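Enquirer: Would you be able to build a 3D model of this:
(one chain, ligands or ions: 2)
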Amino acid sequence: MSETILLAGGAGFIGSNLADYLLAESDADIVILDALTYAGNLMNLRNIVNNTRLRFIHGHIENSEIVNHICTRYCISGIINAAAETHVDRSIHSAAPFVQANIVGTQVLLDAAVKYGLRFIQISTDEVYGSLGENGTFTESSPLRPSSPYSASKAAGDMLTLSFVATYGLRASITRCSNNYGAYQFPEKLIPLMICNALEDKPLPVYGNGNNVRDWIYARDHVRAIWAAYKFGEPGEVYNIGARCEMRNIDIVKMILAILDKPESLIKFTTDRPGHDFRYAIDPSYAEMRLGWKPQAVFADALKETVEWYINNDEWLTAARSGEYRNYYARQYGKSF
Ligand code: NAD
Ligand code: DAU
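Expert: Ligands and ions are numbered 1, 2, ... in the order given. Got it, this is the predicted structure:
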């Protein structure tokens, strides 16, 4: 008999990519619980909305009544938690929503998983490890040294998850992934923001000197890893997910400009992010060995595909950048952008 998974945050970037993947590649039925914050968007589910294996419920993961109702009403066998506040710059402005969603919300989902004896995947991030210097990589045993309110709240969610394994025997595993890119990423993050601004010949705000390094993975490779961790991961284990694709921010921005045939004069260096982590680099070999998973995308091709997706999804982009986004943009980048 096929199982039914509660996918929290399924209307966000990674959640919607995961929902697409699960409906296409697994037998699982899915119930999405999503608060539809500024980052959640029902348009992200437009290709699968008529699939009879998918249900959508609007609500917060902190609401234990809704979570418990879903678990019993739909005979849920596992929870995958992709619901979170996710943008570092917003967490610098205000930490409170991050504590609420990423810590309190995770605790409510964990309580339900214990109560109903469910499998649990906590989707986490390499940012919990803090910053690397010029050399080295993050392994699963690297110490947790979060440097933003966002990454600190994610680290707290991870620690709660591991404590539920030790204390209650919860069958929970954690994935810690590097920077994602692909379709449906909200245009506040580096790659979609630069694509959107370049398309409109607006300045591209590069923090500091642009030499910070991120390790990039195509979202479709990440969601395959999450499902592999759900199926083959061990309780209490952490799996680092990455594609060995380190890039300096400035080089990515130049690649985007080249794809769009736009001039580098659009680049505008701006005030650095406070507490800006210098470099991330994931060693994914443990996940590759234990989960039988490997990243497949080639960065240059997948970046081009991503740029084309944004060009071809003007309606989505206009909706994402209306309303709240305008206030955020003005606060974050000021008048000269
Ligand atoms: P996102 O911001 O695009 O989407 C988050 C989703 O969660 C949205 O649909 C939002 O409505 C929903 N949500 C937020 N608070 C909620 C709440 N309290 N209750 C219910 N739903 C709520 O984020 P994303 O990029 O898809 O990230 C998903 C997860 O993956 C996060 O845990 C993030 O830390 C992790 N992650 C992201 C990346 C990346 O590069 N995007 C990399 C590694 C890990
Ligand atoms: O590493 C995984 C993490 O990647 C996820 O956990 C986060 O949810 C996700 O937001 C992302 O965090 P980053 O802070 O690395 O991503 P962001 O896209 O915000 O920034 C990437 C780099 O680009 C970072 O060094 C800051 C820089 N940047 C970002 C923005 C938005 C700029 O130079 N200018 C910008 O306007």
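Enquirer: Only C-alpha atoms from now on, for both contacts and neighbour counts.
Expert: Noted.
Enquirer: Surely Ile48 forms part of a strand?
Expert: No. Counting by DSSP: H, G, I helix; E, B strand; the rest coil, Ile48 falls outside a strand, being coil.
Enquirer: so what's it up against?
Expert: Neighbour list for Ile48: Asp20, Leu54 [criterion: CA atoms under 8 Å, 6 or more residues apart in numbering].
Enquirer: What pLDDT is listed against it?
Expert: Note on Ile48: pLDDT of 96.
Enquirer: Over to Ser336?
Expert: Looking at Ser336, its pLDDT stands at 77.
Enquirer: That one: neighbouring residues, count only.
Expert: Taking other CA atoms under 10 Å as the neighbour definition, Ser336 ends up with a count of 8.
Enquirer: ok, now Val298?
Expert: Neighbours of Val298 using other CA under 10 Å come to 12.
Enquirer: now Ala319
Expert: Number of residues near Ala319 (other CA under 10 Å) recorded here: 12.
Enquirer: Surely it is in a helix?
Expert: Yes. Assigned with three-state DSSP, Ala319 falls within a helix.
Enquirer: okay, it: pLDDT?
Expert: Ala319 carries a pLDDT value of 92.
Enquirer: chain center to stretch 108-121, what's the gap?
Expert: Stretch 108-121 has its average C-alpha position 21 Å from the chain's average C-alpha position, going by CA atoms, centre = their mean, to the nearest Å.
Enquirer: show me what contacts Gly210?
Expert: Contact analysis of Gly210 by CA under 8 Å, 6+ apart lists Arg248, Asn249, Ile250, Phe269.
Enquirer: With distance to ligand 1 as added columns, please give those in JSON lines.
Expert: Converted to JSON lines, the contacts of Gly210 look like this (distance: CA to the nearest ligand atom, whole Å):
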{"residue": "Arg248", "distance to ligand 1": "15"}
{"residue": "Asn249", "distance to ligand 1": "14"}
{"residue": "Ile250", "distance to ligand 1": "17"}
{"residue": "Phe269", "distance to ligand 1": "22"}
